[in-house]
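>>> Okay, sequence plus prediction incoming.
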Amino acid sequence: MPEFQRPEIIRPPSEWRSYYLPLTAGCSNNSCTFCSNYGSKLQVRDIEDVKKEIDALALYLKNGVTLPEIHWIVYAIAREWDGKGVFLQDGDALVYPFSKMKEVLTYLNQKLPHVERVATYATTQDILRRSPDELKELRKLKLGIFYIGLETGSDELLKKIGKGVDSRQEIEAARRAKEAGILTSVSVILGIGGKENSEKHALETARVLSEMDPDYVGALTLTLVPGTPLYKDWQDGEISLITPFESLVELSIIIKNSNFTHCFFSSMHASNYFSVRGTLPQDKERMIAELERIIQQGDPALLRPEFLRGL
């Protein structure tokens, strides 16, 4: 078996104070046409190697001792850690075999009992692979939130971008997580359908988000990654990118047409041209008014410049 290659730290903005513990590298669903993981090969980390890192982390936190055989990044992250959250890497950690996932979480809780919550990215496929009882077991071991990439609610676009699931499955995965007591944070990508499907993408995304009824929603704006199929589609003229102001129109449509029980909705991600955030439904009118004011003014100076945008 090839040696496990520790992945780069790619995490949700809200996990910035967490400890990053890799269980996998890459993604098993490596067919998303917009993603830098496209075509990558999933690596699964040996459980004894994971436990060795947990041991080293616990030793460092208790006695300040560093071990030469432990990757330097363990101690760099530990120095900035708030001691409360652990984020399981990489883009697909929930694919880790269930019995091993249980063993890792049990060991983590034994060695670091002060940890309050564990989080992970979770593909819809991985959530649906887990039975309701298995998800409840993980929740008891402090796995408290799934970050789910919906991207779009349009079945046509989901197929086109290679997500491997349809909107019905996305809704079912969110329902299953919620029933297990696991919070859901869902991301959508403004502009993923190009100009050609802009309104359809926004309306269908609002519909599916409403049915998922997540605890959090994060909106990102499409950033093309060289080497991906979507980038080639753009080069070949098969997709026309929306303008910055058109991304705000999509965002406004999604917020206007979404109906949530209680959801914190944010477009604070660095890829976006303008940021709004608030709790829906309470802040819906304010957030829509903010967006409409910027759209009507049409002043590029009010938007985040391209050089400050990022993944």
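In hand now; what should we look at?
>>> wait, is Phe87 part of a strand?
Yes - secondary structure assignment places Phe87 in a strand (DSSP: H, G, I helix; E, B strand; the rest coil).
>>> Would you mind listing the buried residues in stretch 276-295?
Of the residues in stretch 276-295, 276, 278, 280, 283-284, 287-288, 290-291, 294-295 count as buried by neighbour count, 16 or more other C-beta atoms under 10 Å. Every C-beta, even on glycine, is put in place using the N, C-alpha and C of the backbone.
>>> any idea where the strands of the stretch 51-200 of the chain begin and end?
Using DSSP state E, counting those that start in this stretch, the strands found in the stretch 51-200 of the chain span residues 85-89, 117-121, 143-151, 183-190.
>>> just the helices in this protein please.
Assigned by DSSP state H, the helices in the chain fall at 47-63, 72-80, 98-111, 124-129, 132-140, 155-160, 167-179, 198-212, 229-235, 244-257, 284-297.
>>> Let me know which of these is the nearest to Arg6.
Counting by C-beta to C-beta, Arg6 lies closest to helix 72-80 out of these; the figure is 6.9 Å.
>>> between that closest one and helix 47-63, how many degrees?
40 degrees (axes from the mean of the first three to the mean of the last three C-alpha atoms, to 10 degrees).
>>> for helix 72-80, packing partners?
Secondary-structure packing of helix 72-80 (3 or more C-beta pairs under 8 Å, 6 or more residues apart in numbering; DSSP states H and E): strand 19-22, helix 47-63.
>>> Mean confidence (pLDDT) on the longest one, please.
Which is helix 47-63. The average pLDDT within helix 47-63 is 95.
>>> Check the first one too.
If you average the pLDDT over strand 19-22, you get 96.
>>> With only the CA atoms kept, save it in PDB.
C-alpha atoms of strand 19-22 as PDB (Å, rounded to 0.1, in the frame of the first residue of the first chain):
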ATOM      1  CA  TYR A  19      -8.000  20.700  14.500                       C
ATOM      2  CA  TYR A  20      -7.700  19.000  11.100                       C
ATOM      3  CA  LEU A  21      -7.400  15.300  11.300                       C
ATOM      4  CA  PRO A  22      -7.100  13.400   8.000                       C
END
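>>> I'm done for today, thanks for sticking with me.
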